[in-house]
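**Q** I need the structure of the sequence given here:
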Amino acid sequence: MTPGKVSSLETQSVGPSVLVTWTPPSELSWCVAYEICWGSSPDDQNCTVQESSVTTLNITELTPCGEYVVGVRSLGQPGNSSQVNTNVTAAPKPARNLNFPFVNSTFIEVDWEAPADQSDCIDYYQVCLTVSGETACANQTRDSTTTSYPELRPCTSHSVDVIAWTEGARSSVISEQVNTNNEAPDVPTNLHVNYAEVDKVNLEWHAPVANHECVERYVVCWKGEQTESCDNSTDIQDLITGLAPCGEYSLNVTAVGAAGSSETSHLVARTRTQAFNDISNLEVKSSNSTTLEVEWEAPTNNSECVQEYKVCWIGQETGEESCTIQTRDIAKATITGLISCVNYTVNVTARGVLKNSNAVSMPVMTNSTLIQDKPAIQNLSLSRDSESNITVTWHPLVEGMMCVRSYNVCWEQQSQPEDIQCLELPSSEDHLTISGLHSGTTYTVEVSAVLVTGEISEIIREDIPISDNDRDLASLQVSPPDDARRPPGFQDKEQPTGRIRKPLVLSEPGKSPRGRELISNSKGFQLRVSVTSLLMRKLTNSLHR
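**A** Coordinates of the predicted model:
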């Protein structure tokens, strides 16, 4: 049977060859082969036969820009189909001498030459630029053999392709690679810690915004108290290992390119904390009346996890509390502005990021500003309230002085020095009124301070005469607070005066001995004294013996 004709005969001219394709006839079983012929004229043809299972043929060795007739027919038994023909133009020769006369970091200029003796054959040129896997093409007339590309990225590889086209036929591709010039990369951005462990830090960053294509590698450096090193990374992260727990590290990342390095991106990070124990050996290294210098030793476990020390002190007598902060490198503190003779409790706590140690405490008393056998009072004055009354007034050497526990006030007739009387007053008092004094004689009044150390300051004395107006009533008016000390204070021991101090005889509340009674009140404290002059003399003489 005679096979049918082929259909859909098409040609594609690429470079020096023409690709011919067709569709088999509907009665494929009647076709045993195909005959393909081509030539520039009917009298000048080349033919070839191929089996029926192949429906393509690549015709080579054609004359560039030549026009050809291509025909295909089905061969059968006993007859053949008629031939199906089409016209095709062979592709031109490719362009020549593709070149880049000017290149900088953001601009490329491209030129080329037309194929030899075929400039009239070419309809146009197609020029394509490929960068980072993306391609953009543009057509140029055959008279234009140059083009340019502005606003490019530095440090970037570009591929330029030039194709000559004519009558739907395209030449072979002429292609060249070119790189924009190198520039130093910009600084890496968004440097941050992705995660941190007790001995490692994972560092991440973003590529530079400008000239990121110029980055060849990153240099990562870190510095701690006991370690310093650098590493290279081609990625935008780096894992730094071998670090110490609770360590503070200075981290730097620099982008490096062929044309130079960027500025440094900087970050301070810490490895994770671990628990530490308490400080030890808290002690006073030096002290005076208003200053303490204390020292301690850092925790023995994970001391590198200590961020700072909190030093606090509270006065037991004053209740005032203050604190200061010391850096982890300083295991001592100087505490100033204290009050002399006050008991302080000093607490030191080691503090970390997540946890603090227990406070370690130490009691300490500031030194006294007063010295035994030196004055603790000033401005002692005696004033007569009446013919037989005097008021003794004094002022502490320093207002608010905590070093004085109490005041001793003693008085005596100069004519009877063995008949001396004393009273101890709390440190809050600054005066004492003595009444019922004998007329016609001179009295000596002595005031001294008892220090918190138990020592007695220098005695201050003043004399005062009493007018000739006899009275037989001896009474004592005192203005102490409710907590005024009862004797002791009238101590039967040798004082700096060298004389024996005898206490007054005080009646119990609600009772009085024979004789006249005088009651005086001050600040809610009531003191009853009722003694005749004669009875007082007898009693004091008896005590003296």
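
**Q** all helices for the chain, in order.
**A** Secondary structure of the chain (DSSP state H): helices located at 533-544.

**Q** How is it partitioned into domains?
**A** 7-89, 96-179, 189-270, 293-365, 377-544 (automatic domain parsing).

**Q** quick one, which of the ones you listed is nearest to Ser286?
**A** domain 293-365 (4.6 Å; Cβ to Cβ). (C-beta placed from N, C-alpha, C; glycine too.)

**Q** for the stretch 1-150 of the chain, which spans come out with low pLDDT?
**A** Applying pLDDT under 70 to the stretch 1-150 of the chain picks out residues 119.

**Q** how about the strands in it?
**A** With strands called from DSSP state E, counting those that start in this stretch, the stretch 1-150 of the chain shows them at 7-14, 17-23, 33-41, 44-51, 56-59, 67-75, 84-89, 96-103, 108-113, 124-131, 134-141, 146-149.

**Q** now the ones you listed in JSON lines, with distance to Val348?
**A** JSON lines is the format used below for the strands of the stretch 1-150 of the chain (distance: least, Cβ to Cβ, whole Å):
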{"stretch": "strand 7-14", "distance to Val348": "88"}
{"stretch": "strand 17-23", "distance to Val348": "91"}
{"stretch": "strand 33-41", "distance to Val348": "102"}
{"stretch": "strand 44-51", "distance to Val348": "100"}
{"stretch": "strand 56-59", "distance to Val348": "92"}
{"stretch": "strand 67-75", "distance to Val348": "101"}
{"stretch": "strand 84-89", "distance to Val348": "98"}
{"stretch": "strand 96-103", "distance to Val348": "69"}
{"stretch": "strand 108-113", "distance to Val348": "70"}
{"stretch": "strand 124-131", "distance to Val348": "65"}
{"stretch": "strand 134-141", "distance to Val348": "66"}
{"stretch": "strand 146-149", "distance to Val348": "70"}
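
**Q** Export those as a markdown table, with columns for mean neighbour count and distance to Arg384.
**A** What follows is those, written out as a markdown table (neighbours: other Cβ atoms under 10 Å; distance: least, Cβ to Cβ, whole Å):
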| stretch | mean neighbour count | distance to Arg384 |
| --- | --- | --- |
| strand 7-14 | 16 | 137 |
| strand 17-23 | 17 | 141 |
| strand 33-41 | 17 | 153 |
| strand 44-51 | 11 | 152 |
| strand 56-59 | 15 | 144 |
| strand 67-75 | 20 | 150 |
| strand 84-89 | 16 | 145 |
| strand 96-103 | 14 | 114 |
| strand 108-113 | 19 | 115 |
| strand 124-131 | 18 | 113 |
| strand 134-141 | 11 | 114 |
| strand 146-149 | 15 | 115 |
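
**Q** out of those strands, nearest to Val178?
**A** Taking the strands of the stretch 1-150 of the chain one by one with Cβ to Cβ, strand 96-103 is closest: 4.9 Å.

**Q** Could I get the contacting residues of Cys221?
**A** 228-231, 251-254 (Cβ atoms under 8 Å, 6 or more residues apart in numbering).

**Q** Check what pLDDT it gets.
**A** On the pLDDT scale, Cys221 is placed at 97.

**Q** Kindly report the same for Val529.
**A** For Val529, the model assigns a pLDDT of 32.

**Q** same question, Leu539
**A** Confidence score, pLDDT, at Leu539: 36.

**Q** Start the count at 335 instead of 1 going forward.
**A** Happy to do that; since the first residue is 335 now, the last one works out to Leu873.

**Q** how about stretch 632-644: buried residues?
**A** 632-633, 636-644 (16 or more other Cβ atoms under 10 Å).

**Q** Same check on stretch 672-679?
**A** Here stretch 672-679 shows 672-676, 678 as buried, counting by 16+ other Cβ under 10 Å.

**Q** Show the contacting residues for Thr725.
**A** 716-717, 719, 765-768.

**Q** hmm, try it at 7 Å
**A** Applying Cβ atoms under 7 Å, 6 or more residues apart in numbering, we find Thr725 in contact with 717, 719, 765, 767.

**Q** Make CSV from those and add pLDDT, distance to Glu485 and neighbour count to it.
**A** Output for the contacts of Thr725, formatted as CSV (pLDDT from 0 to 100; distance: Cβ to Cβ, whole Å; neighbours: other Cβ atoms under 10 Å):
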residue, pLDDT, distance to Glu485, neighbour count
Ser717, 88, 102, 12
Asp719, 82, 106, 12
His765, 92, 97, 16
Thr767, 92, 103, 18
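
**Q** Ile664 is nearest to which of the strands of the stretch 335-484 of the chain?
**A** Closest among the strands of the stretch 335-484 of the chain, using Cβ to Cβ: strand 458-465, at 58.8 Å.

**Q** quick one: strands adjacent to that closest one?
**A** strand 468-475 (antiparallel), strand 491-500 (antiparallel) (DSSP bridges).

**Q** Let me know the outermost residue of the chain.
**A** Pro412 (96.8 Å; Cα atoms, centre = their mean).

**Q** Next one: that one from Ser363, what distance?
**A** Pro412 sits 15 Å away from Ser363, going by Cβ to Cβ, to the nearest Å.

**Q** Where does the prediction get shaky in the stretch 735-879 of the chain?
**A** 735, 802-879.

**Q** For the stretch 685-834 of the chain, which segments count as strands?
**A** Under DSSP E, counting those that start in this stretch, the stretch 685-834 of the chain gives strands at 694-699, 711-718, 724-730, 738-747, 750-760, 765-768, 776-785, 794-799, 807-808, 810-811.
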